[in-house]
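K.L.:
here are the coordinates; sequence isn't available:
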């Protein structure tokens, strides 16, 4: 899966109807006007601290995004808000007891793995039963069995009345190796929190920089009115622009199929360096170009390609905090008929808001002031067919991983595509490889070719 995963078995897509979810989840959303004092926005006066208190009865605030993700509409197991990573390990597989003991040794540094929802707060659960959370599965020989197992496991319910995560020990698919699949409810952890967990459990270079925080917050960021304007535009833009699939009258389904592809990260970096861009710019531009090629099968090809790009808002000191320090930003690249190079040239200015610490700080302050019902409404608005965009996440795993002397040779992301969002992708860079998980709605024409089209576009830019 990390290098060249075969296509997964296609399932007959079930049509998605508004009646598939709770009535409250299908109501139209209208944006309220929020009026707050400037010093509250700029200085964060009254904003609850994000760090987790210590002690067995400690708790942390559940952010508006945490509660919104907990309440997202789920019309099938495939639309459960679960994300994860698969670690490919060399050497003989350990026992489940060995993995469980290893987790228990480091659990005190991972409050998120002991946190359960308690209304407006996360509560630390005492007496955690690791037999529920650390599980073992023996697979049939062959890499396809690992792909199939991951695709099936990610759709299963996570433990109830307990912290919503599991670590799966998978073996038998290959000689001299095993896999560790960590999966978690997106309400409990965002991508940064997930990387912190993986690094705390398995990193063998303790002095390396954490992958969970936004590096731009290492120093205090000045935040101007222009930053607040840019941040507000990025937050609200997704509910204003036309969606990529608005012309597709057949509608979306509640099924999902995941496919993976990988490229050398040096290829992405060399393209970015030559053009004064970022690796994320290359990723998004190639993604937009691939989407315009699949859109040729739609009744009307969109003139613009809108993305929902998660922006990490996690600060130093918040590495271990449960919940989400992330916000969805609206990034738009040109559609239509143009070359991949011409499309790539438009990416750096379009992603400027993501590169500004001031704008990120503004978005953080704005989301701190956003009530949970408003955040829930925003997520509903951007997942309606008229506005639906492509969800595109990008993570960098900086630290080297291993388990009891067994090196982790590769890491593959597992992405979620919410109901009403036909494409969700996550690129994860580990060591010398960037691997992308494309999770798509099989009812939408052409999306099965996204991995190969994205890789071909990257190669054409190099």
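P.N.:
Thanks, I have the structure now. Bear in mind the structure is a predicted one, so any value in this text is a computation, not a measurement. Residues are numbered from 1 along each chain as shown.
K.L.:
from here on, just use CA atoms for contacts and neighbour counts.
P.N.:
OK.
K.L.:
I figured residue 73 hits residue 419, correct?
P.N.:
Yes: counting by Cα atoms under 8 Å, residue 73 does reach residue 419; the two are 6.8 Å apart.
K.L.:
so which of those two has more stuff around it?
P.N.:
Taking neighbours as other Cα atoms under 10 Å, residue 73 and residue 419 compare with residue 419 leading, 27 against 22.
K.L.:
ok but the more buried one is inside a helix, no?
P.N.:
No: counting by DSSP: H, G, I helix; E, B strand; the rest coil, residue 419 is located in no helix; its state is coil.
K.L.:
show me the contacts for it.
P.N.:
73-75, 79, 253-254, 383 (Cα atoms under 8 Å, 6 or more residues apart in numbering).
K.L.:
dump the residues you listed to JSON lines, plus secondary structure and pLDDT.
P.N.:
Formatted as JSON lines, the contacts of residue 419 follow (DSSP: H, G, I helix; E, B strand; the rest coil; pLDDT from 0 to 100):
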{"residue": "73", "secondary structure": "coil", "pLDDT": "89"}
{"residue": "74", "secondary structure": "coil", "pLDDT": "92"}
{"residue": "75", "secondary structure": "coil", "pLDDT": "91"}
{"residue": "79", "secondary structure": "helix", "pLDDT": "94"}
{"residue": "253", "secondary structure": "strand", "pLDDT": "90"}
{"residue": "254", "secondary structure": "coil", "pLDDT": "92"}
{"residue": "383", "secondary structure": "coil", "pLDDT": "70"}
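K.L.:
can you pick the most crowded of these?
P.N.:
residue 254 (25 neighbours).
K.L.:
am I right that it is in contact with residue 440?
P.N.:
No: here residue 254 lies out of contact with residue 440, judged by Cα under 8 Å, at a distance of 10.1 Å.
K.L.:
re earlier: closest to residue 161 among the contacts of residue 419?
P.N.:
residue 74 (18.7 Å; Cα to Cα).
K.L.:
pretty sure that closest one contacts residue 82?
P.N.:
No: the pair residue 74 / residue 82 is not scored as a contact, 11.2 Å apart, by Cα under 8 Å.
K.L.:
can you list the low-confidence ranges for the stretch 301-450 of the chain?
P.N.:
By pLDDT under 70, the weakly predicted segments of the stretch 301-450 of the chain are 301, 386.
K.L.:
okay, helices next: where are they in it?
P.N.:
Ranges of helices in the stretch 301-450 of the chain, per DSSP state H, counting those that start in this stretch, are 340-345, 347-350, 357-368, 372-382, 450-461.
K.L.:
other residues contacting the last one?
P.N.:
Translated: helix 450-461. Helix 450-461 is contacted from outside by 259-263, 267-268, 271, 282-283, 286-287, 289-291, 294, 340-341, 436, 438, using Cα under 8 Å, 6+ apart.
K.L.:
please apply the same query to stretch 333-343.
P.N.:
285-286, 288-289, 292, 301-306, 346-347, 350, 457, 460-461.
K.L.:
what's the helix or strand for residue 179?
P.N.:
Using DSSP states H and E, the element containing residue 179 is strand 177-185.
K.L.:
mind giving me the packing neighbours of that strand?
P.N.:
strand 82-90, strand 165-171 (3 or more Cα pairs under 8 Å, 6 or more residues apart in numbering; DSSP states H and E).
K.L.:
now the end-to-end length of stretch 292-310.
P.N.:
Start-to-end span of stretch 292-310 (Cα to Cα, to the nearest Å) is 21 Å.
K.L.:
what comes up buried for stretch 427-447?
P.N.:
Neighbour-count burial for stretch 427-447 flags 427-431, 433-444, 446-447 (criterion: 16 or more other Cα atoms under 10 Å).
K.L.:
just give me how far it sits from the chain centre.
P.N.:
The chain centre lies 11 Å from the centre of stretch 427-447; the measure is Cα atoms, centre = their mean, to the nearest Å.
K.L.:
just the endpoints, please. Distance across that stretch?
P.N.:
With Cα to Cα, one end of stretch 427-447 sits 17 Å from the other.
K.L.:
show the pLDDT at residue 207.
P.N.:
As predicted, residue 207 sits at a pLDDT of 68.
K.L.:
for residue 29, same thing?
P.N.:
For residue 29, the predicted pLDDT is 26.
K.L.:
please begin residue numbering at 56 from this point
P.N.:
OK, 56 is where the count begins now, so the last one is residue 84.
K.L.:
could you pull out the strands for the stretch 156-305 of the chain?
P.N.:
For the stretch 156-305 of the chain, the strands defined by DSSP state E, counting those that start in this stretch occupy 170-173, 176-179, 189-193, 220-226, 232-240.
K.L.:
closest one to residue 143 among these?
P.N.:
The nearest among those, by Cα to Cα, is strand 232-240 at 4.8 Å.
K.L.:
not counting its own residues, what contacts the closest one?
P.N.:
136-148, 205, 209, 213, 219-227, 249, 253.
K.L.:
of these, grab the buried ones for ChimeraX.
P.N.:
Only the buried entries of the contacts of strand 232-240 go into this ChimeraX selection, using 16+ other Cα under 10 Å:
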select :136,137,138,139,140,141,142,143,144,145,148,205,209,213,219,220,221,222,223,224,225,226,227,249,253
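K.L.:
follow-up on the earlier one: now, of the contacts of helix 505-516, which are buried?
P.N.:
Counted by 16+ other Cα under 10 Å, the contacts of helix 505-516 give 314-318, 322-323, 326, 337-338, 341-342, 344-346, 349, 395, 491, 493 as buried.
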